[in-house]
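Asks: Next come a sequence and a model predicted from it.
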Amino acid sequence: MAYETVIGLEVHVELNTKTKLFCGCENRFAAEPNSLACPVCLGLPGLLPVVNKRAVEKHIMAAIALGCEILEYSKFDRKNYYYPDMPKNYQISQYDLPIAIKGCLEIEKSDGTKKVIGITRIHLEEDTGKSIHGGGSGSIMESDYTLLDYNRAGVPLMEIVSEPDMRSPEEAYLYLTGLKKILNWIGVSDCKMEQGSLRCDANISLRKKGELEFGVKTEIKNMNSFKSVRSALEFEEKRQAEVLENGGKISQETRGWEEDKGITVSMRSKEDAHDYRYFPEPDLAPLKISREWVDEIGKDLPELPDDRRERFIREYRLPEYDAGVLTTSREMSDFLEEAVVVCNDPKQVSNWLMSDISKYLNEKQVEIQETKLSASTLGGMINMIKKGTISGKIGKKLIAELLNKGGDPEEIVKKKGWIQVSSEEELLPLVKEAIDANPKAVEEYLGGKKSAIGFFVGQVMKATGGKANPGVVNKILMRELEK
């Protein structure tokens, strides 16, 4: 393509505080419509907002994790515009003095190259209500009526504005997934896009390769998944290139993504910041954030995912791929660490988490903390395998039992008769039976095909229901076959 793509993202993240940003209403998803709204939420005259300290603290946590500069003096502003889901006809936000500026996030592309995406600012604001369009086609343009739910109005919302540093939809996707990983990891938001706690607006423009000046941008809205963001940007990238190739001009506008059709459509001409008539919020005093407060909050931050990934590689000697997968979520990496304390075998814990356990989680669409399996139980099971109490094959049966029902692994093994058979006296007759029943395999082994011994091990394991100790079986087989 003769053009270079320039992308910047505005990500809105709802903070998971117990109450809203400026009042005591509960901050909770999926409550009965308008059951979590008070006179402050609804903008009734004579009522004053009060800042939720915990929301500011969580905002600062995110800013530290993203390497931002945190301003000691910050203030709130009124962003004036009319829309039915905003009862005051203005939104309390931040304009020229946000809480945090100049951060960054590193992404790793599919080819292994790394790139740093700049973060311009992170500011705190109140969320709006929710419009529900009904009748007709259900879209905003063709609905018969609109219902308004103000439960979300006033929920603390953090807006993270990136620099226009992304040059492809893939980079935008990686930036989003990396952002979600960090914010979810440090516990400031659940980042569930399907519930609206993470929303993204994408700005995209094209310029001829080699040029420094940015092209005219469009903003894309209404994307409800990371996949949708990537798909919408890919479509818009091609659309703008076609317009420019045909001698046309790009209009600065807001476009909506229509998932079912796979296209963006024009919604309205783009408004600039001055159209919002920002002015300082007169009902809220400026925020003064001391260095001591920031340091105190920073001490409570957990080890960040990239740092933990490097430690897993360095201290646990895990492969880079394993360490990367196991630090995708904080819960999974915590689980590994707790299990390692019990069994002192990071690689075995990793193997079980990456295989049988991950398969179960994917099939059931659950997180590891939602299962009946505990980290100490997994560590105990691995110790049983290492001691020879059970075989790895029985371990697969046992892990399924523990994931679904929980319990003590030693008691389950005893109750189900899964204890590994390691006695040569018990295994010798079964080995001889396997040898006598398979003369062709014996001939292949004696003819130099040493891998044929695996067949005999399998036969004995099958005869014992997986309870035979494969090491002992292998030892007996080698002795008997060489007679």
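Replies: In hand now; what should we look at?

Asks: Could you point out the helix or strand that follows the longest helix along the chain?
Replies: The single longest helix within the chain, with elements called by DSSP state H, is helix 226-245. Once the chain leaves helix 226-245, the next helix or strand it forms, by DSSP states H and E, is strand 253-258.

Asks: Sheet-wise, list the partners of that next one with their directions.
Replies: strand 218-221 (parallel), strand 263-269 (antiparallel) (DSSP bridges).

Asks: So which bits of the longest helix of the chain are buried?
Replies: Neighbour counts over helix 226-245 (16 or more other Cβ atoms under 10 Å) mark 226, 228-237, 239-240, 244 as buried. Where you see a C-beta, it was placed from the backbone N, CA and C, and this is true even at glycine.

Asks: quick one: that helix to chain centroid distance?
Replies: 24 Å (Cα atoms, centre = their mean, to the nearest Å).

Asks: which secondary structure elements does that helix contact?
Replies: Judged by 3 or more Cβ pairs under 8 Å, 6 or more residues apart in numbering; DSSP states H and E, helix 226-245 is in contact with strand 3-14, helix 169-185, strand 198-208, strand 218-221, strand 253-258, strand 263-269.

Asks: Tabulate the CA atom coordinates of the shortest one in PDB.
Replies: Read that as strand 218-221. Extracted C-alpha coordinates of strand 218-221, given in PDB (Å, rounded to 0.1, in the frame of the first residue of the first chain):
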ATOM      1  CA  THR A 218     -12.000   9.400  11.400                       C
ATOM      2  CA  GLU A 219     -13.200   8.100  14.800                       C
ATOM      3  CA  ILE A 220     -14.800   4.700  15.000                       C
ATOM      4  CA  LYS A 221     -17.300   3.800  17.700                       C
END
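
Asks: Provide a list of residue ranges in the stretch 151-300 of the chain with pLDDT below threshold.
Replies: Under the criterion pLDDT under 70, the flagged ranges of the stretch 151-300 of the chain are 270-274.

Asks: pLDDT weak spots in the stretch 1-150 of the chain?
Replies: Checking the stretch 1-150 of the chain against pLDDT under 70 turns up 1, 137-142.

Asks: For it, just list every one of the helices.
Replies: For the stretch 1-150 of the chain, the helices defined by DSSP state H, counting those that start in this stretch cover 53-65.

Asks: What is the burial count for residue 436?
Replies: When neighbours are counted by other Cβ atoms under 10 Å, residue 436 registers 9.

Asks: which element is it on?
Replies: helix 424-437.

Asks: now residue 454
Replies: helix 453-463.

Asks: Only the buried residues of that helix, if you could.
Replies: Those would be 453, 455, 456, 457, 459, 460, 461, 463, for helix 453-463 by 16+ other Cβ under 10 Å.

Asks: Can you name the two of the residues you listed that sit furthest apart?
Replies: Farthest pair in the buried residues of helix 453-463 (Cβ to Cβ) is 453 and 463. Separation: 15.8 Å.

Asks: ok so, going back, out of the buried residues of helix 226-245, who's nearest residue 143?
Replies: Residue 143 lies nearest to residue 228 out of the buried residues of helix 226-245, by Cβ to Cβ, at 20.9 Å.

Asks: residue contacts, the closest residue to residue 52 other than its chain neighbours?
Replies: Closest residue to residue 52 apart from its sequence neighbours, by Cβ to Cβ, 6 or more residues apart in numbering: residue 21 at 5.2 Å. By Cβ atoms under 8 Å, 6 or more residues apart in numbering, the residues touching residue 21 are 49, 51, 52, 55, 92, 124, 125, 126, 154, 155, 156, 157.

Asks: Can you name the residues that contact the spatially closest residue to the last one that is not a sequence neighbour?
Replies: Nearest non-adjacent residue to residue 157, counting by Cβ to Cβ, 6+ apart: residue 127, 4.3 Å away. With contacts defined as Cβ under 8 Å, 6+ apart, the neighbours of residue 127 are 12, 14, 152, 153, 154, 155, 156, 157.

Asks: With neighbour count, secondary structure and distance to residue 252 added, can I get the residues you listed in CSV?
Replies: Listed next are the contacts of residue 127 as CSV, based on neighbours: other Cβ atoms under 10 Å; DSSP: H, G, I helix; E, B strand; the rest coil; distance: Cβ to Cβ, whole Å:
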residue, neighbour count, secondary structure, distance to residue 252
12, 16, strand, 21
14, 23, strand, 28
152, 23, coil, 29
153, 29, coil, 29
154, 30, coil, 31
155, 26, coil, 30
156, 27, strand, 30
157, 24, strand, 25
